[in-house]
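pasting a predicted model and its sequence here:
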Amino acid sequence: MIIKRNPNGIDLPFSSEITPREVFESRRSFIKQLAVGSIASSALLEMASREAFAQSPSAQKLVGKANPAFLSTEKPTSYKDATTYNNYYEFGTDKADPATNASTLKPRPWTVAIEGEVKKPMVLDLDTLLKLAPLEERVYRLRCVEGWSMVIPWVGYSLSALIKKVEPNSNAKYIEFITLADKTRMSGLGSPVLEWPYVEGLRLDEANHPLALLSFGMYGEVLPNQNGAPVRVVVPWKYGFKSAKSIVKIRFTSEQPRTAWNIAAPSEYGFYSNVNPEVDHPRWSQSSERRIGEDGLFARKRKTLMYNGYSDVASLYKGMDLKKFF
Ligand SMILES: Nc1nc2c(c(=O)[nH]1)N[C@H]1C(S)=C(S)[C@@H](COP(=O)(O)O)O[C@H]1N2
Ligand SMILES: [Mo]
């Protein structure tokens, strides 16, 4: 149990039972993996050190135990890029807007209501949510539908742990994420660019896939507001917009839920939105991507991988025409 004083002066207990030694060792194995799997530059090793993840002196630490099943040999995107180049339209549509405007989001106190087709509907406060399962660190690629990608060390646990707790009933086929829409705190809500609140959804078997992450932190710290504090999902095999930020309600449904980008432009954004280099967006190719931080004059574009490289999920879509179910 780690108890730390956060910037607002509230003592926050965290469930992760990690000793500094375990942290050190998991970090070492991460470094070893990196050294084996790719060019071991000194910058890379430094990036992998716990110290390098301590990004801002005032931020609340949130440590997860590195899960060897979900590490990556790719160099994480810099903390600065990951926190200043964001899509969070509730705070404006320019990439720099969320970092500038999201300081008004109040991530504590916070509750998530869980309702719909479950045997145990409940309202969970953030501390209870944080203690529901051991926190892990997982390094995931995030691929935005706009054609750029990042590599981010998230902190959280599989969404399936929460699903198990509330016991979906036999009608539950989908899960809907409803996010905060607070006009008094979110400067972008005046814009009609999307319908608010921002909503997203998954089929229940997708949500139960171990890769689907309920995330509370990144780079060893609580989520910065602009990255979706205090709780979001990260669904790494789907385009970034499926990874809803600042969730206040999770509803289990029998019907496929509406989703924000599908409402805004149904011919461009489907419900599934799996990363798929073979299915172009109507207005641009999806076959390659720009890795944020590699945008120099000679930066090569990277090939986009099917399911963003997370081929484990393919069995979820057996027999489906992914051009139709885009
Ligand atoms: N509530 C909400 N969640 C959101 C968005 C948003 O505008 N509002 N943008 C999505 C998009 S398009 C992307 S690419 C990712 C970006 O996450 P990041 O800024 O943490 O990299 O968040 C997604 N989640
Ligand atoms: Mo995105």
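That came through, no problem. Ligands and ions are numbered 1, 2, ... in the order given.

list, one by one, the residues from the chain near ligand 1.
Contact residues, the chain versus ligand 1 (Cβ under 6 Å from any ligand atom): 86-90, 142, 144, 150, 179, 198, 227-228, 240-241, 243-246. All C-beta spots, glycine's among them, are computed from the backbone N, C-alpha and C.

what about 8 Å?
82, 85-90, 98, 142, 144-146, 150, 152, 179-180, 194, 197-198, 200, 218, 223, 226-228, 232, 239-246, 260-261 (Cβ under 8 Å from any ligand atom).

among these, name the buried ones.
Taking 16 or more other Cβ atoms under 10 Å as the criterion, what is buried in those is 82, 85-90, 98, 142, 144-145, 150, 152, 179-180, 194, 197-198, 200, 218, 223, 226-228, 232, 239-246, 260-261.

of these, which belong to helices?
82, 98, 260, 261 (DSSP state H).

tell me the one of those nearest ligand 2?
residue 261 (8.7 Å; Cβ to the ion).

separation between the closest one and residue 208?
Residue 261 sits 23 Å away from residue 208, going by Cβ to Cβ, to the nearest Å.

same deal with residue 219?
Computed as Cβ to Cβ, the residue 219 to residue 208 distance reads 27 Å.

out of the two, which sits in the more crowded spot?
Comparing residue 219 with residue 208 by other Cβ atoms under 10 Å, the one with more neighbours is residue 219, at 25 against 17.

what kind of secondary structure is residue 171 in?
Three-state assignment for residue 171 (DSSP: H, G, I helix; E, B strand; the rest coil): coil.

now the residue of the stretch 151-300 of the chain found nearest ligand 1: closest residue in space that isn't a chain neighbour?
Relative to ligand 1, the nearest point of the stretch 151-300 of the chain is residue 240 (2.5 Å; Cβ to the nearest ligand atom). Nearest non-adjacent residue to residue 240, counting by Cβ to Cβ, 6 or more residues apart in numbering: residue 144, 4.1 Å away.

which ones are touching the residue nearest the centre of the chain?
The residue lying closest to the centre of the chain (Cα atoms, centre = their mean) is residue 234, at 2.7 Å. By Cβ atoms under 8 Å, 6 or more residues apart in numbering, the contact list for residue 234 reads 140, 142, 152, 154, 156, 212, 213, 215, 243.

is it possible to export those residues to CSV including pLDDT and distance to ligand 2?
Formatted as CSV, those follow (pLDDT from 0 to 100; distance: Cβ to the ion, whole Å):
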residue, pLDDT, distance to ligand 2
140, 98, 14
142, 98, 8
152, 98, 13
154, 98, 16
156, 98, 19
212, 98, 17
213, 98, 17
215, 99, 16
243, 99, 8
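
what's the most distant pair in the residues you listed?
Spanning the widest gap among the contacts of residue 234 are 152 and 212, at 15.2 Å by Cβ to Cβ.

now residue 62: closest residue in space, sequence neighbours ignored.
Leaving out its chain neighbours, residue 62 is closest to residue 217 (Cβ to Cβ, 6+ apart), at 3.6 Å.

list the contacts for residue 173?
Residues in contact with residue 173, defined by Cβ under 8 Å, 6+ apart, are 203, 204, 253, 254, 255, 256.

for it, phi and psi?
Here is the backbone geometry of residue 173 (degrees, to the nearest 10): phi -120, psi -20.

that's all I had, so thanks and see you.
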